[in-house]
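Novice: the amino acid sequence is not available; the structure is as follows:
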């Protein structure tokens, strides 16, 4: 189970290259989301008719959004991934 | 619905056993259904218990106690009885308190004999618990309303969001994760490893429940109390069921959560003040689990038809005789989401989301219960230009 959790984390993190700052997220092309709440950070692209997980969580919505403003976690790996958990 | 209370302390018994608990044995004229549920389901038990008490078509007495989801799964899988004299909760009978409301205290009684719970509940996919993946042939599982989980902070905290990556470090590394302001592990209020709240979050932030850093708490009320009384509110954070947070909105704040690969953080509801669970229902808020309701069966026959009646109600199935209350209203009132109101689904704890449409949608009815916003749903009395007329609304199917 530990391996699975870690594996999923690393695979996803590496795939996304997310550094914790929305400004650097590589958003796919889509329609501008008219429902942004004016919170700090850039407007993100969104998906009109989502079918996959990534499209669903980034689907267009009128819901309140909050864009990340804090810097990336200090322990983030150079490739944007997450380090393994320390032993319990 | 008169309850026959047997007073343990009557007569000389009190002299012989002055330390015996004051609760009387659970002994009722109406049929009793014994349930063991997660503490996130306590409010559901109260409201449903009241409705079942007053359900003229089939009055039942719901008697319950709370325990961790993994414990509950193991208990019914192994057919382990709840011990005799265990103190259980129940809604007062009409004779005891006709005007009882869910904000009033429940009464307690003692199980007169050891008993395997008629209903056992977990508030997450059973497969997330050790040994939960394969139920024995004599245990039936039914998937019920969806339960969301949240990260909460004291009202004095200025924080409004947390990302997947930050949560990974806060709960997986503790102070060493260096995520400001959550660097004091004594101010990170978590649960124990059998609790759905921790297991659900564990699956969503890729930190196994056994590896969490922070202060473990046995129950949600302890987490709430810790967050409300901390001397350093700016550093405090805790995990809760959404319905627990909903009852504490005046004194706690919720953090929006940005899942892995998501562009923005979202609350379970469409805004921080709404109660519509829109983002859970459409997949923008990812930290949720189905509730699972378990009963003992022989083949396909329930050991307790009354337990099946209750489970069918909770899981939105038609029952005979038909109940005289709106079960979706009860589910919505306790912060749960009927499966029929969901537009996304997943197949394991923290799993990827995919589009979903219930065979008999209740999206419009649910939204009428939880939102004051003008709905795009059409009302109806019999037929609809498109869709199906159900509960006064034109549902999509």
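Specialist: Structure's in. What do you need? Quick caveat: nothing in here was measured; it's all calculated off a predicted structure.
Novice: distance check, the closest residue to chain A within the stretch 101-250 of chain B against residue A:87.
Specialist: With distances taken as Cβ to the nearest Cβ, the stretch 101-250 of chain B approaches chain A most closely at residue B:206, which sits 3.6 Å away. For every residue, glycine as well, the C-beta is placed using N, CA and C. Counting by Cβ to Cβ, to the nearest Å, the separation of residue B:206 from residue A:87 is 16 Å.
Novice: ok, the two, which is more surrounded?
Specialist: Set side by side, residue B:206 and residue A:87 show unequal neighbour counts under other Cβ atoms under 10 Å in any protein chain shown, the larger going to residue B:206 at 25 against 5.
Novice: my guess is the more buried one contacts residue B:168. True?
Specialist: Yes. Taking contact to mean Cβ atoms under 8 Å, the distance of 6.0 Å between residue B:206 and residue B:168 places them in contact.
Novice: can you pull out the helices in chain B?
Specialist: Counting by DSSP state H, chain B has these helices, from start to end: B:13-16, B:42-53, B:69-77, B:94-97, B:164-173, B:196-205, B:220-229, B:242-246, B:278-282, B:305-314, B:327-333, B:363-370.
Novice: what packs against the last one?
Specialist: Identification of packing neighbours for helix B:363-370 by 3 or more Cβ pairs under 8 Å, 6 or more residues apart in numbering or on different chains; DSSP states H and E yields helix B:327-333, strand B:393-395.
Novice: OK, contacts around residue B:347?
Specialist: For residue B:347, the residues meeting the contact criterion (Cβ atoms under 8 Å, 6 or more residues apart in numbering or on different chains) are residue B:125.
Novice: how near is it to residue B:78?
Specialist: Where residue B:78 is concerned, residue B:347 sits at a distance of 25 Å (Cβ to Cβ).
Novice: quick check, pLDDT for residue B:194.
Specialist: The per-residue pLDDT reported for residue B:194 equals 89.
Novice: that one: neighbouring residues, count only.
Specialist: Other residues within reach of residue B:194 by the criterion other Cβ under 10 Å amount to 21.
Novice: now do the same contact list for it.
Specialist: By Cβ under 8 Å, 6+ apart, residue B:194 lies in contact with B:68-71, B:129.
Novice: where does residue 2 land on pLDDT?
Specialist: All of this is about chain A. In the predicted model, residue A:2 carries a pLDDT score of 38.
Novice: nope, chain B
Specialist: Confidence at residue B:2, expressed as pLDDT, is 41.
Novice: ok, now which ones touch residue B:30?
Specialist: Neighbours of residue B:30 in contact, by Cβ under 8 Å, 6+ apart: B:1, B:53, B:59-61.
Novice: just give the nearest non-adjacent residue to it, would you?
Specialist: residue B:59 (4.6 Å; Cβ to Cβ, 6 or more residues apart in numbering or on different chains).
Novice: right, and that neighbour touches residue B:51 too?
Specialist: No. Using Cβ under 8 Å, residue B:59 is not in contact with residue B:51, being 10.2 Å away.
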